[in-house]
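# Need a 3D model of the following:
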Amino acid sequence: MTFHVSATHIPIAGADPGSSLPGGALGFSAKAKGYLALTKPRVVELLLVTTLPTMFFAQRGLPSVWLMVVTMVGGALAAGASGAFNCYIDRDIDKVMHRTSNRPLVTGVLTPREALVFSWVLTVLSVAILWLANPLTAVLGAVAIFLYVVVYSLILKRRTSQNIVWGGAAGCMPVLIAWAAVTNTVEWPAVVLFMIIFLWTPPHYWPLSMRYSDDYNAANVPMLGAVAGSQKVAQQVVLYSWAMIACSLLLVPLGHAGIVYTAVAVVAGAWFLFEAHKLYNTARRDEVTKKGAMMVFHGSITYLTLLFLALAVDPFIGSPLMG
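Numbers count the residues shown, from 1 in each chain. Presented below is the predicted three-dimensional model:
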């Protein structure tokens, strides 16, 4: 799961100032780029990184191309709908935060009504497409949107510093969606994958909120990285990281993990723990820098990508280590 100007001068989301039409009307290119920006493509990309490997893992091989396309397209639309709803809901705080000041509802590329209609269209399309896989997959897609839009964006984000912990459950749903698409059920390995991402979310997002603490404080959004001391935040990052690594290794005794996944889980996990502890050690010395926080943020993306790439390769290499 990122300047106030007039609607006719748009340096945002790749919009070309020359794309505006006479009389101040925006050109098709600017509008299209605005709609794309609403979906938060980089977040969608990260979510899809967990979807396809999970399908390989659930199938213990290669699912049908049709099923992969349906699940990936439906999942991307569901993630895009969630992002668009979030931009609509957060348009007031996006004006305040420098990091989000380029979003199309802030710059005037799109109107709130356009964003809301677009969000609902994506929602309906995503559920309809996921239904082609099976009804369970469609229901899980709808639940993912509900968790992000209602539970996180509307209820938790502005009220508690634990917002990203519980609201982050929406980002865990793609693995359940992928597993259900292949098996038409949700089994223990899928739950373990869900929990890996659930525990990964705080070490991923809290360092980012440390980096942009001024933004969140200006917008009165109580992200833990912005409202708590760096030592407390770094301590939580370490604790969640340890829990995440332990959870990632549960697939071994469950009899689902082969040599590739197990090796990557151990090595990548050890590396990320090192980065998390390094952040904590600098926090204890009151030497945390924005650069240091962002190293953990980017490291978390690398860790999750490596883990799920290993998950995708694992079924093709050999039998599970146990079971």
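
# what about Leu147, how many residues close to it?
Applying other Cβ atoms under 10 Å, we find 20 other residues in the vicinity of Leu147. (C-beta placed from N, C-alpha, C; glycine too.)

# Please name the nearest non-neighbouring residue to it.
What sits nearest to Leu147 in space, not counting adjacent residues and going by Cβ to Cβ, 6 or more residues apart in numbering, is Ala170, at 3.8 Å.

# can you tell me how far that neighbour sits from Val139?
Distance of Ala170 to Val139, computed by Cβ to Cβ, to the nearest Å: 14 Å.

# more neighbours, the two?
Remark: of Ala170 and Val139, Ala170 carries more neighbours, 26 against 15, as counted by other Cβ under 10 Å.

# give the contact list for the more buried one.
Ala170 makes contact with Met1, Ser82, Ala144, Ile145, Leu147, Tyr148, Val151, Tyr152 under the criterion Cβ atoms under 8 Å, 6 or more residues apart in numbering.

# Isn't the fourth one up against Ala81?
To tie it back to what came earlier, the one meant is Ile145. Yes. If you go by Cβ atoms under 8 Å, Ile145 and Ala81 touch, sitting 5.6 Å apart.

# list the residues that contact both of the two?
Shared between the contact lists of Ile145 and Ala81 (criterion: Cβ under 8 Å, 6+ apart) are residues Thr123, Ser126.

# who's more crowded, the two?
Each of Ile145 and Ala81 had its neighbours counted (other Cβ under 10 Å), and the higher figure belongs to Ala81 (28 against 23).

# phi, psi of the more buried one?
Comment: the main-chain dihedrals of Ala81 come out as phi -60, psi -40, following degrees, to the nearest 10.

# Which residue, other than its chain neighbours, is closest to it?
Leaving aside its sequence neighbours, Ala81 sits nearest to Leu122 (Cβ to Cβ, 6+ apart; 3.6 Å).

# Which element, helix or strand, includes the one you found?
Per DSSP states H and E, Leu122 falls inside helix 112-131.

# Mind listing what's buried along whichever helix or strand comes after that helix?
Per DSSP H and E, helix 112-131 leads on to helix 135-146 as the next helix or strand towards the C-terminus. If you call a residue buried by 16 or more other Cβ atoms under 10 Å, then helix 135-146 has these buried ones: Leu136, Thr137, Ala138, Leu140, Gly141, Ala142, Val143, Ala144, Ile145.

# Could I get those residues in TSV, plus columns for pLDDT and distance to Tyr205?
Shown next, in TSV, are those (pLDDT from 0 to 100; distance: Cβ to Cβ, whole Å):
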residue	pLDDT	distance to Tyr205
Leu136	98	29
Thr137	97	26
Ala138	98	28
Leu140	97	22
Gly141	97	22
Ala142	97	24
Val143	97	21
Ala144	96	17
Ile145	96	19
